[in-house]
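Q: Return a 3D structure for these sequence lines:
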Amino acid sequence: MPTESFTETEMLLYWNKYAQRLGDKGYKIMESLLLINDPKLNGTSITIELPNEGSKLDFEKELNGLLGHLKGHLHNHDITIEVIVNESVESKRNFNDQDRYNRLLEINPNIELLRTTFGLDLDA
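A: Now for the predicted structure:
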């Protein structure tokens with residue numbers, strides 16, 4: 001079995017391609033679990049942090065497919081994946097309308113111009 005070396009960047013590339021392929025097939029939950037945060041590479045061991053046990057169980061259902069994909073594309077059959085549950089991992093999502101508006105305002109300051117021109121209000 002091949003055991004070529006690879007970088008974390010190469011691993012992330014194929015990891016993200018696999019997630020995208022799952023998303024294209026309609027497996028959106030699995031796609032989001034794979035993309036929840038970037039996995040870390042230590043030699044041939046890949047570590048991913050998930051927010052809860054349920055996520056870990058769902059992730060492990062797809063583990064063999066992901067391992068096969070990575071081993072094949074990276075030409076290394078020593079790759080292992082370790083799943084760590086870290087319930088203190090905070091989601092980077094915005095929760096209320098004001099937070100979402102502030103995030104959009106960071107991305108595009110012209111949003112404020114639209115809001116004032118059309119008299120839009122977040123309370124409505």
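Q: Glu87: what's it in contact with?
A: By Cβ atoms under 8 Å, 6 or more residues apart in numbering, Glu87 lies in contact with Pro51, Asn52. In short, each C-beta sits where N, CA and C put it, glycine included.
Q: Look up how far Pro51 lies from it.
A: Going from Glu87 to Pro51 by Cβ to Cβ, to the nearest Å gives 6 Å.
Q: Which stretches in this structure count as helices?
A: For the chain, the helices defined by DSSP state H occupy 8-24, 28-35, 53-61, 63-74, 97-107, 110-117.
Q: weakest of those by average pLDDT?
A: Of all these, the minimum mean pLDDT falls on helix 97-107 (a mean of 79).
Q: Which positions in that helix come out as buried?
A: Neighbour counts over helix 97-107 (16 or more other Cβ atoms under 10 Å) mark Tyr101 as buried.
Q: So which elements touch that helix?
A: Packing contacts for helix 97-107, counted by 3 or more Cβ pairs under 8 Å, 6 or more residues apart in numbering; DSSP states H and E, involve helix 110-117.
Q: hmm, who's touching the helix it packs on?
A: Contact with helix 110-117 is made by Tyr101, Leu104, Leu105, Leu120, Asp121, as judged by Cβ under 8 Å, 6+ apart.
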